[in-house]
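[1] Following is a predicted model, sequence given first.
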Amino acid sequence: MASASPAHAAVPWVLHVDMDQFIAAVEILRHPELAGVPLVVGGRGDPTERAVVSTASYEAREFGVRSGMPLKVAVRRCPEAVFLPVDAPAYEAASARVMETLRGMPGAVVEVLGWDEAFVGVTTSDPVAYAQSIRAAVLEATDLHCSVGVGDTKVRAKIATDFGKPRGVYVLTRDNWFEVMGDRPTIALWGVGSKISQRLASHGYQTVRDLASADEATLVAEFGPSMGPHYGRLGRGVSSATVDDTPWIARAHGRETTYQTNLVEPDEVAEAIRSLAGQVVEDLRREGRACQRVFLKVRFAPFFTTNRVRKLGEPTFDPQVIATTALDLLTGLADDRPIRLLGVRAEMVPPEGGYVDPRTSGRGGPSARSAGTGGGTEDVTP
DNA sequence: TCTGGGGTCCTAGGACCC
DNA sequence: TCTGGGGTCCTAGGACCC
């Protein structure tokens, strides 16, 4: 088995395909005059409103504009930028063409992660050439550019893509993991955000290398028996390597709105919740699955967010029941505090036979471990 | 500087039953 | 009177990703 492993052996690889400035690129396709100018897509396209940047073109990024940044900040950093509203149906159509192209690649198993990215599993002796053929095929079919990360696990492939951008390919495996990632902060890992990175730092684990050799008992004490070891594995780049094309089945649908002016009157709060509940029910009816649990999300001004949940006695499609439940969850929380945002989410009754997808969304936690062997048992030392 | 809207998953702890 | 251990269901709350 461990004999001469020739460079040309066909073995399984994980590729991560990520479109370059996807939303901006789609807009430039239908507005060619915007090519080369700073472009910001977000909200309703009005930078005086409460909304954030969905995507900034590379030209806008040179001014420091980033995804997730408030439009008000973006316009201050780049006053000459063109601002466009989000047009979800247009991006969904472009996304569908991209994913169909990926599914047409020989031997490819495609696991969609979002509008503009997917894992591609393939067994090949030359993953870089395969990645370049993906880039060419996507460009041919859609006029859109992408970058491809090549890895021996999902985490490595996902992170590799960033090093390939734009319009490139990058390989990240156990062989160069510590060379490339070892000195970077833990927040550079997929699945480690600001809170977890701070908690890791409080134990002296600042870098990916620190985390990779972290004391297991310390991680378990801090994060629990499941998440603790999971973070240790992330530090080593170890994760599932199984790409799964089972279609995703949604667990829940929700609607939330940030109000341009804070809500203060009980009447307007009740009306807002009724409106959100009505929109959620449209999604439920389209799906044909009733609501069994109601989630209420509230963001009070200036910026405190909280959630409440209640299971219903009987599953329902009735917007009145959902709205009444959501309002009930709000009582005792509000205390006359001004409300910036309200969200109503409905967890749906599982489909016939339950949820079958063996993978998880992949980012949240270690639950892919229950998918069994997918290469997640591999280990390396820093 | 001012922070969207769509999601998923994990942990802790209380209530309840056997 | 003082009191087990295990299991399941539920809610609260936190964290992350695109």
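    Structure received.
[2] From now on I want contacts and neighbour counts done on CA atoms only, so please keep to that.
    OK.
[3] Low-confidence ranges, chain A, go.
    A:1-7, A:334, A:357-382 (pLDDT under 70).
[4] Using the record's domain definitions, break it down for me.
    By the assignment in automatic domain parsing, chain A contains the domains A:22-87, A:178-240, A:252-348.
[5] right, so of the ones you listed, which gets closest to A:Gly107?
    Closest to A:Gly107 of the domains of chain A, according to Cα to Cα: domain A:178-240, at 19.4 Å.
[6] what about the closest one, distance to the chain center?
    The chain centre lies 20 Å from the centre of domain A:178-240; the measure is Cα atoms, centre = their mean, to the nearest Å.
[7] quick one: it near DNA strand B?
    Yes - contact of domain A:178-240 with DNA strand B (Cα under 7 Å from any atom of the strand) involves A:223-227.
[8] on that earlier part again, any chance of the domains of chain A in CSV, with distance to DNA strand C and mean neighbour count too?
    Shown next, in CSV, are the domains of chain A (distance: least, Cα to the nearest atom of the strand, whole Å; neighbours: other Cα atoms under 10 Å):
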stretch, distance to DNA strand C, mean neighbour count
domain A:22-87, 8, 19
domain A:178-240, 3, 19
domain A:252-348, 4, 17
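[9] coming back round to it: for A:Ala212, state which of the residues of domain A:178-240 next to DNA strand B is nearest.
    A:Met227 (14.1 Å).
[10] who does the longest helix seen in chain A touch, helix- and strand-wise?
    Longest helix of chain A, by residue count under DSSP state H: helix A:266-287. Contact here means 3 or more Cα pairs under 8 Å, 6 or more residues apart in numbering; DSSP states H and E; on that basis helix A:266-287 packs against strand A:252-263, helix A:319-330, strand A:339-348.
[11] How far off centre is the shortest one?
    Between the centre of strand A:339-348 and the centre of its chain there are 19 Å (Cα atoms, centre = their mean).
[12] With respect to A:Phe163, which of the residues of domain A:178-240 next to DNA strand B is nearest?
    A:Met227 (26.9 Å).
[13] wait, doesn't the closest one sit right on A:Val220?
    Yes - in this structure A:Met227 lies within contact range of A:Val220 using Cα atoms under 8 Å: 7.4 Å.
[14] Chain A: helices as residue ranges?
    For chain A, the helices defined by DSSP H occupy A:22-30, A:58-61, A:71-77, A:88-103, A:127-142, A:154-164, A:177-181, A:194-201, A:208-212, A:216-235, A:266-287, A:319-330.
[15] sorry, back to before: could the helices and strands packed on helix A:266-287 go into TSV alongside distance to A:Leu39?
    Below are the helices and strands packed on helix A:266-287 laid out as TSV (distance: least, Cα to Cα, whole Å):
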stretch	distance to A:Leu39
strand A:252-263	23
helix A:319-330	39
strand A:339-348	27
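[16] Compare those and give me the one nearest DNA strand B.
    With respect to DNA strand B, and counting by Cα to the nearest atom of the strand, the nearest of these is strand A:252-263 at 3.1 Å.
[17] List of residues touching that closest one?
    Strand A:252-263 is contacted by residues A:49-50, A:269, A:276-277, A:279-280, A:283-284, A:301, A:338-348 when judged by Cα atoms under 8 Å, 6 or more residues apart in numbering.
[18] next one: stretch A:154-171
    A:14-18, A:20, A:119, A:128, A:131-132, A:135, A:145-151, A:172-173, A:177, A:189-190, A:234, A:237-242.
[19] same thing but 7 Å
    The contact list for stretch A:154-171, computed with Cα atoms under 7 Å, 6 or more residues apart in numbering, reads A:14-16, A:20, A:131, A:145-151, A:172-173, A:190, A:237-241.
[20] ok now that stretch, how far from the chain's centre?
    With Cα atoms, centre = their mean, you get 16 Å for stretch A:154-171.
[21] One more: stretch A:77-94?
    Between the centre of stretch A:77-94 and the centre of its host chain there is 19 Å, according to Cα atoms, centre = their mean.
[22] Extract the C-alpha trace of it and format it as PDB.
    In PDB, the C-alpha atoms belonging to stretch A:77-94 read as follows (Å, rounded to 0.1, in the frame of the first residue of the first chain):
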ATOM      1  CA  ARG A  77     -14.600  54.800   1.600                       C
ATOM      2  CA  CYS A  78     -15.400  54.900  -2.100                       C
ATOM      3  CA  PRO A  79     -17.800  57.800  -2.900                       C
ATOM      4  CA  GLU A  80     -17.400  57.300  -6.700                       C
ATOM      5  CA  ALA A  81     -18.600  53.600  -6.500                       C
ATOM      6  CA  VAL A  82     -21.600  52.600  -8.500                       C
ATOM      7  CA  PHE A  83     -24.200  51.000  -6.100                       C
ATOM      8  CA  LEU A  84     -26.700  48.400  -7.400                       C
ATOM      9  CA  PRO A  85     -29.500  46.600  -5.600                       C
ATOM     10  CA  VAL A  86     -29.400  42.800  -5.000                       C
ATOM     11  CA  ASP A  87     -31.200  40.900  -7.700                       C
ATOM     12  CA  ALA A  88     -31.400  37.400  -6.300                       C
ATOM     13  CA  PRO A  89     -33.300  35.800  -9.200                       C
ATOM     14  CA  ALA A  90     -30.500  36.800 -11.600                       C
ATOM     15  CA  TYR A  91     -27.800  35.300  -9.400                       C
ATOM     16  CA  GLU A  92     -29.800  32.100  -8.900                       C
ATOM     17  CA  ALA A  93     -30.100  31.700 -12.700                       C
ATOM     18  CA  ALA A  94     -26.300  32.300 -13.200                       C
END
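[23] Thanks a lot, see you next time.
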